[in-house]
Every structure is written in structure tokens, then in C-alpha cells.
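A.B. asks: Structure for this input, please:
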Amino acid sequence: MAHDLVVIYEHPEWQKPLFSALARRGVDYATFDLKRAAFDPGAVPGARLYFNQASPSAYVRGNTRAVPLCLSLMRSLELSGARVLNGSRAFALELSKSAQCALMKKLGIAHPRSLAFNDADTALGQWTGGWPALLKPEQGGSGARMFLLNDPGELQKLLREQPFLWLPDNLLLLQEYFPVDPANGIVRLEFLRGRLLYAMRVISNGAFNLCPSEVCNPASGEGHCEVPAMKASKPVEFYAYPDVPAGAVEQASELFAAGGLDVGGIEYLEAPDGRLVFYDINANSNLRAPVAQDFGGFDPFDRVVDYLVSEIER
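C.D. replies: Below is the predicted model:
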């Protein structure tokens, strides 16, 4: 084997804290940049362990080809017997919001009513989730191309004026909208090897891009992110949530295991009627070091490296 570890990635900034943590530990690793890449399916694997860090939002950064190549690479690796963390099963789930809803339904976990569609008129004839409603891409990521729509006419007008919203896979999702207490926001749970790493409350301040990466949403609000975001009155806020309900952690853990994830984040909101409604599963987890420090006094990237090293040794 040429290396102990290969990190598969696409975003130019998100993985830098992980790379720094790997270098500090002296891990023999290489990177596979999906933006411009090729692989020989007959010549893999070339490492003891692979760690997928690709994102569904690659297409909004002009890297539409990264996702299909990533899936093809991981399937070839898995067929060759390679160990791939957040492999093709987990990534395929992250790429499909409708599959996430189906998995939540199977597990009896509360989730928004949703309708996947490739034709707006057909969707409007079948939609029973009420208005306002959220429009999302089936292949989402980082809040890209999400809209809050007040009536059917807004959907038709939006797709007529912005037909590119059908990209990259010509599938969209109408999803039930739940107003949340602005002071509480939503909750994101980060898991590592099936256990809760930390929990945080995320206050959106009107934004859809709730990416926890400090590159995309720094505390100063002056960061750079290549994913278009809804303008907000203030920067997105992230707070450690040590009092997260045990029931929420249990349901998220069940989702995490059923989805085949190794490292990932799961999000839920608190509906006006008190229900915890789960709505997003993320195999690409952009960890936020200050939150982990406040939650339990640790560096989350060091914990991930601990896990990677244990998997290499195994």
C-alpha cells in the first residue's frame, strides 16, 4: 500500500483543519481531489483506509462532476475490498433528501411531509403539506438553492424564471415548513463511530446556509463561502448544547446507524407543538472546534484522527 490513509475531498478549504491534525499526529496520508481526477478501477486500492469528505453541494461551486466520480470511485474501492469510511451507501443517502425521509419513515422518526418531483404542475396537484412550504434540491448541501414559498404561484414563477434550479439531477423537493423559535434555532448533532461527539444549537438569523465550517460561517460574519446564501441580518450563530434531550440523541443515533455513516451530522427542529422533527442527514461533517471546546473541552479534529488511526491499525 502506498499510504495508510487517503482523504477524498472537493472543497478547497473545509478539510484543512483535518489535514493539520493528521500532520500533527504524523499519519501517512494522501489526498484525492475530486475536482479534476481520474482513477483506474483495476488498480485500487492504494491505501489501507479511505475517508470520504465529498459534499453534495459541489455543483454550486462549479464541480458538478465531482459527485458522480466520487460514487464511482468508492464503489470500485468497496468491490475491491477496501475499507471506506462514509462510503457509497452513506454518501448516496446524503445525496437524496427523499431517501432520508423514507429512512425516517421506516424508523418511525418524525420528519416533514415531503414530495419529490420532476414536474411542477404534477407536484402542485399532489402536494398536501400546506403553505408556506420549502423548496429544496433533492441533492442538497449547505442550504444551496432553498426557497420559502408562500403559494403555488411562487413555485411556478420561480422555476420559470430560474430553470437552472433543476440542476444537477432534475429532481426537486417540496417540504413541509415548520416555524421555529428564532432564539432556539435548530439543533445539530455530530456523531463519530456511532457516539455523540457534541450537540449545538444553530441560530440562522434568516439564512439557509447553516454550514458549521468556520470558513463559511465564522463568528465575525466576514468569511468566504462559495455557496450562495440567503442574506441575513446577522451572522449565523453556533452554541454548544450540553443539555440536548437523551431521546433526540437516541433517535439520531438510530438514524446514523441505519444510514451506514461513520462520521456525520444529523439535524432536527423543535416544532410549535413540541415534537422533535428530524430533517437532514449529513455524511460530510464540517466540525466546529469552538463548539466542541465549549461542549466538552476537546478538539473534534483530534477525535476524528484518533478514529482514523484506530481504523488504520484495525
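
A.B. asks: For residue 157, the count of nearby residues, please.
C.D. replies: Residues within reach of residue 157, counting by other C-beta atoms under 10 Å, total 12. The way it works is simple: take the backbone N, C-alpha and C, and place the C-beta from them, glycine included.

A.B. asks: Mind checking what secondary structure it has?
C.D. replies: On the three-state scheme (DSSP: H, G, I helix; E, B strand; the rest coil), residue 157 is labelled helix.

A.B. asks: residues touching residue 109, list them.
C.D. replies: By C-beta atoms under 8 Å, 6 or more residues apart in numbering, the contact list for residue 109 reads 251, 254, 255, 278.

A.B. asks: Could you identify the most distant pair in the residues you listed?
C.D. replies: 254 and 278 (10.2 Å; C-beta to C-beta).

A.B. asks: between the two, who's got more neighbours?
C.D. replies: residue 278 (25 against 16).

A.B. asks: which stretches of the stretch 101-250 of the chain form strands?
C.D. replies: Shown for the stretch 101-250 of the chain, the strands assigned by DSSP state E, counting those that start in this stretch span residues 114-117, 133-137, 147-149, 172-176, 186-192, 195-203, 237-240.

A.B. asks: nearest to residue 151, of the contacts of residue 109?
C.D. replies: Among these, residue 278 lies closest to residue 151 (C-beta to C-beta), at 26.7 Å.

A.B. asks: in the sheet, who's paired with that closest one?
C.D. replies: Here residue 278 sits in beta bridges with residue 268, going by DSSP bridges.

A.B. asks: Let me see the contact set for it.
C.D. replies: Neighbours of residue 278 in contact, by C-beta under 8 Å, 6+ apart: 104, 109, 110, 111, 251, 252, 255, 266, 267, 268.

A.B. asks: Next, count neighbours for the third one.
C.D. replies: In other words, residue 110. Neighbour count of residue 110, defined by other C-beta under 10 Å: 14.

A.B. asks: can you pull the pLDDT of it?
C.D. replies: Residue 110 carries a pLDDT value of 98.

A.B. asks: My guess is it contacts residue 273. True?
C.D. replies: No: using C-beta atoms under 8 Å, residue 110 is not in contact with residue 273; the gap is 10.2 Å.

A.B. asks: Now residue 7: which helix or strand?
C.D. replies: In the assignment (DSSP states H and E), residue 7 maps to strand 3-9.

A.B. asks: Just the helices from the protein, written as ranges.
C.D. replies: In the chain, the helices defined using DSSP state H lie at 16-25, 66-79, 88-94, 97-107, 120-126, 152-161, 246-258, 289-296, 300-313.

A.B. asks: Generate a markdown table for the ones you listed, with mean pLDDT as supplementary columns.
C.D. replies: Converted to a markdown table, the helices of the chain look like this (pLDDT from 0 to 100):
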| stretch | mean pLDDT |
| --- | --- |
| helix 16-25 | 97 |
| helix 66-79 | 97 |
| helix 88-94 | 97 |
| helix 97-107 | 98 |
| helix 120-126 | 98 |
| helix 152-161 | 97 |
| helix 246-258 | 97 |
| helix 289-296 | 97 |
| helix 300-313 | 97 |
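
A.B. asks: Tell me how many other residues crowd the nearest residue to residue 288 once chain neighbours are set aside.
C.D. replies: Using C-beta to C-beta, 6 or more residues apart in numbering and skipping residues adjacent in sequence, the residue nearest residue 288 is residue 212, 4.3 Å away. As a burial measure, residue 212 scores 20 neighbours (other C-beta under 10 Å).
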